[in-house]
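Colleague: Sequence and computational prediction follow.
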Amino acid sequence: MLLLGASGAGKSTLLQALAGVLGGEDEGDSTGELLVDGTRPDRSRGRVGLVLQDPDSQVILARVCDDVAFGCENLGVPREEIWRRVRESLDAVGLDLPLEFPTALLSGGQKQRLALAGVLAMRPGLLLLDEPTANLDPSGVGEVRDAVGRVIEDRDSTFIVIEHRVETWIDLVDRVIVLEAGAGIVADGSPREVLAGEGKRLAASGVWVPRYPPSVPARTSTPGSMLLQIHELAIARPGGQVIQDHLDVRIAAGTALAVTGPNGSGKSTLGLTLGGLIPPASGTVDASGLAKGLGSDPLRWKSRELVSRIGSVFQDPEHQFLAATVRDELAVGPRVLKLAGSEIDARVDELAQRLRLTELLAVNPFTLSGGEKRRLSVATALITRPPLLIMDEPTFGQDSRTWSELVALFAELLDAGDALVAITHDAAFVDAIADSELTLSAGAEAVRR
């Protein structure tokens, strides 16, 4: 079954309820009945496997092999059988790493594969996947899809997946259910019945329907002054392992650079290096065009100096949340800049309206849906109005409507003379926004287009 709906419709909440991990009565309200194998989900131990939107939240142990084995060990699977399952599951998801490889050194996409491998090893009767391919490169998407296909073909399992982009899973499912916030189920049937009969209405509500692609704005910007350039740059993982070297990139005002490549090729590390957040292994990051009286190396800038010059959007939104409400989260940057209260309120209200966060201003950021967290993290970087924005997977978790609105907002920033660096696997986003593309490979090579 494919579960569809606009961002914030409650899809992830439903999957967490099926997995029995929503928490007790003190954490929310519920009515009605939900059963797995005729019993409450929290009593169906080992029957349900859930892969969450955030792979970091599912990494438990220090080594890849131990992490995959963890669920099986808790279920009392015999030792010899556990290690056979570990190897089979890692092969199935295409995570070709030594069994002792440290989980702390995995990229976001690799962590997603690890989480899926750990669930597959448990052999659940109900397999729940919450946007399992959102942070994967195209080959990884195919590998994960094929791995899930083999699981549901070979076993007597029920499979439910949440995915905004329906084309990935449409051939594997025989039922599509569409949720709408406050309205419950608004469509339920075969893929043909739902997508053909309700396609236009669903697309208007934000569902990604292949026949109805989202709108893309026209761009009018032309390259301006040079803001940042890197020369002979090498980047490294924690511990010193160089993953890319001899990188040369120039980023001019009014232009967008897309950084693409397979999981583990160093895209996120490059973004953090460009943003002045981690040091390069060697080479130079020259931000003279942004310095405004400071030195050219952004790594040496203070937080207050950095936040108004380079905005960073992390791959994991939760890694940059600091406040207890969405409103206070949006106000963090402006308060660092010591803006007047009226100016802070005006900026918060404007961005909240543009990014569909107005109704969520009093909500704790950590309780938002994945797509809402992503839009909030983008807003926290935009609100201090830096001339350069570095974004890691900026369209993750978005329905087609919020995707179009984000693209339109980025196009406006480019036309106003700002510059963007987007680390992404989203080919449609690259086509819509990028002026150039830097493709990193797993072999420490880069191709500039």
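Modeller: Right, received. Where do you want to start? Numbers count the residues shown, from 1 in each chain.
Colleague: which ones are touching the closest residue in space to Asp67 that isn't next to it in sequence?
Modeller: Nearest non-adjacent residue to Asp67, counting by Cβ to Cβ, 6 or more residues apart in numbering: Leu61, 4.5 Å away. For the C-beta atoms, the positions are set from N, CA and C on the backbone; glycine is no exception. Applying Cβ atoms under 8 Å, 6 or more residues apart in numbering, one finds that Leu61 lies in contact with Asp67, Phe70, Thr103.
Colleague: Ok, Ala419 next?
Modeller: Leu227, Leu228, Ile251, Ala252, Ala253, Gly254, Thr255, Ala256, Leu257, Pro387, Leu388, Leu389.
Colleague: Just give me the closest of the residues you listed to Trp403.
Modeller: For the contacts of Ala419, the residue nearest Trp403 by Cβ to Cβ is Ala256; the value is 15.6 Å.
Colleague: what's the distance between that closest one and Gly118?
Modeller: Separation of Ala256 from Gly118 (Cβ to Cβ, to the nearest Å): 36 Å.
Colleague: One more: Leu15?
Modeller: Leu15 sits 16 Å away from Gly118, going by Cβ to Cβ.
Colleague: Who has more neighbours out of the two?
Modeller: Between Leu15 and Gly118, Gly118 has the larger neighbour count (other Cβ atoms under 10 Å), namely 27 against 23.
Colleague: And the pLDDT for the more buried one?
Modeller: pLDDT recorded at Gly118 is 93.
Colleague: Verify the stated contact: it with Ser89.
Modeller: Yes - if you go by Cβ atoms under 8 Å, Gly118 and Ser89 touch, sitting 7.3 Å apart.
Colleague: can you list the domain ranges for the protein.
Modeller: With domains defined by automatic domain parsing, the chain comprises 2-205, 226-448.
Colleague: Save those domains as CSV, and put in distance to Val216 too.
Modeller: Listed next are the domains of the chain as CSV, based on distance: least, Cβ to Cβ, whole Å:
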stretch, distance to Val216
domain 2-205, 14
domain 226-448, 4
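Colleague: Name the stretch from the ones you listed where average model confidence is lowest.
Modeller: domain 2-205 (a mean of 86).
Colleague: now that one: how far from the chain's centre is it?
Modeller: Distance, stretch centre to chain centre, for domain 2-205: 15 Å (Cα atoms, centre = their mean, to the nearest Å).
Colleague: what comes into contact with stretch 67-74?
Modeller: 49, 59-61, 81-83, 85-86, 89-90, 103, 114, 117-119, 121-122.
Colleague: Which PyMOL command selects the buried ones in these?
Modeller: Those of the contacts of stretch 67-74 that count as buried under 16 or more other Cβ atoms under 10 Å are selected in PyMOL with:
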select buried, resi 49+59+82+83+85+86+89+90+103+114+117+118+119+121+122
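Colleague: Okay, and which of the contacts of Leu61 map to strands?
Modeller: The strands, defined by DSSP state E, take in nothing from the contacts of Leu61.
Colleague: which ones among the residues you listed are found in helices?
Modeller: The helices, defined by DSSP state H, take in Asp67, Phe70 from the contacts of Leu61.
Colleague: Tell me the one of the contacts of Leu61 nearest Val77?
Modeller: Phe70 (11.0 Å).
Colleague: thinking again about what came up before, how about the contacts of Ala419 in CSV, adding distance to Pro238, secondary structure and neighbour count?
Modeller: CSV is the format used below for the contacts of Ala419 (distance: Cβ to Cβ, whole Å; DSSP: H, G, I helix; E, B strand; the rest coil; neighbours: other Cβ atoms under 10 Å):
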residue, distance to Pro238, secondary structure, neighbour count
Leu227, 28, strand, 24
Leu228, 24, strand, 28
Ile251, 25, strand, 23
Ala252, 31, strand, 19
Ala253, 33, coil, 20
Gly254, 34, coil, 22
Thr255, 31, coil, 21
Ala256, 29, strand, 26
Leu257, 25, strand, 23
Pro387, 29, coil, 22
Leu388, 25, strand, 22
Leu389, 25, strand, 24
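Colleague: In CSV, list those residues along with distance to Leu330.
Modeller: CSV is the format used below for the contacts of Ala419 (distance: Cβ to Cβ, whole Å):
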residue, distance to Leu330
Leu227, 25
Leu228, 25
Ile251, 26
Ala252, 29
Ala253, 25
Gly254, 26
Thr255, 27
Ala256, 24
Leu257, 26
Pro387, 19
Leu388, 20
Leu389, 16
